[in-house]
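Novice: 3D model of this:
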Amino acid sequence: MSLLGKDDEIQIYRESFDETWADGTPINQVRYIVLDTETTGLDPRKDSIVTIGAVAVEDGSICLDDQFEALLRISHNTSSVVVHGITRDDANEEGMDEVLALRLLLGYLRDGVIVGHHIGFDVDIISEHCQRRFGLSLENRWIDTMELTLHLEDAGAFGPPPDNGGRGHDFSLDGLCRRFDIQPHDRHTAAGDAFITAQIFMKLLRQAKQYGRRTLGSLCERYEDPSATPQA
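Specialist: The predicted structure follows:
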């Protein structure tokens, strides 16, 4: 038992990996956590987390009773305020301490497979701050919906590229909303973007099954551009 008690979130997080998802786990048997953060900048080592939003997806459905949202206190305003709209005064008046927010997040995440659009940054900044606060880095597997979309494009899921001057398909978050007829409510909030991405992810899961990606390992596969020239 942990000195912090049997319900300590960090202990719960660590123990959840004692038995976790294997590469061969069917994709409909996994607990996915679709996650987004808003931050003070784009450097995981220097910038702070402003908000975290997450929602679970299981068996092809968004679990509205399995969500997480946190507003964290921050020390100063940065230019990112024009994106997420949260000022230092807002955060300090209504937000929570970073240590508490990260503890609660770890207890919520457990061994869930993290999902997001360009999620590598979110994983890096959360992992960086967890390492700084608790001496641990995130162990969760993660799926980048952008990479999954590119895998599906290569498999022919989206048809030929449009005649748009060579720009190809628009696989930005907004572009995928238009493709799948998803209304982008609460865009550029962590909780809003997590819910939008969860809807996109469910569409991608259905296509993944059609194109032979039926296991967790195949969803987590990193994408390498086949047209890229290998370096000597």
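Novice: CA only for contacts and neighbour counts going forward, please
Specialist: Will do.
Novice: lowest-pLDDT helix or strand in this structure?
Specialist: Among the helices and strands of the chain, helix 81-84 carries the lowest confidence by mean pLDDT, DSSP states H and E, at a mean of 68.
Novice: next structured bit after that one?
Specialist: The helix or strand immediately downstream of helix 81-84 is helix 88-94, counting by DSSP states H and E.
Novice: buried sites along the helix or strand following that following helix?
Specialist: The helix or strand immediately downstream of helix 88-94 is helix 98-109, counting by DSSP H and E. Under the neighbour-count criterion of 16 or more other CA atoms under 10 Å, helix 98-109 has 98, 101-109 buried.
Novice: Pick out whichever of those sits closest to Ser80.
Specialist: Taking CA to CA as the measure, Ser80 lies nearest Glu98 of the buried residues of helix 98-109, at 18.4 Å.
Novice: ok, that closest one to Ile126 distance?
Specialist: Distance, Glu98 to Ile126, using CA to CA, to the nearest Å: 11 Å.
Novice: just Leu205 next, same as before
Specialist: When CA to CA is applied, the distance between Leu205 and Ile126 equals 25 Å.
Novice: With Val55 instead?
Specialist: According to CA to CA, Val55 and Ile126 sit 16 Å apart.
Novice: Show me which of these two is the more surrounded one.
Specialist: Val55 (26 against 21; other CA atoms under 10 Å).
Novice: pretty sure Gly24 is in a helix, no?
Specialist: No - counting by DSSP: H, G, I helix; E, B strand; the rest coil, Gly24 is not part of a helix but coil.
Novice: separation between it and Ser127?
Specialist: Distance from Gly24 to Ser127, by CA to CA: 26 Å.
Novice: quick one: which of these two has more around it?
Specialist: Neighbour tally, Gly24 and Ser127, criterion other CA under 10 Å: the higher count belongs to Ser127, 19 against 11.
Novice: mind showing which ranges of this structure have poor pLDDT?
Specialist: For the chain, applying pLDDT under 70 flags the ranges 1-7, 77-79, 81-82, 228-232.
Novice: Mind jotting down where the strands sit in it?
Specialist: With DSSP state E as the criterion, the chain has strands at 32-39, 49-58, 61-71, 113-116, 142-144.
Novice: Okay, buried residues for the longest one please.
Specialist: For strand 61-71, the neighbour count (16+ other CA under 10 Å) marks 62, 67-71 as buried.
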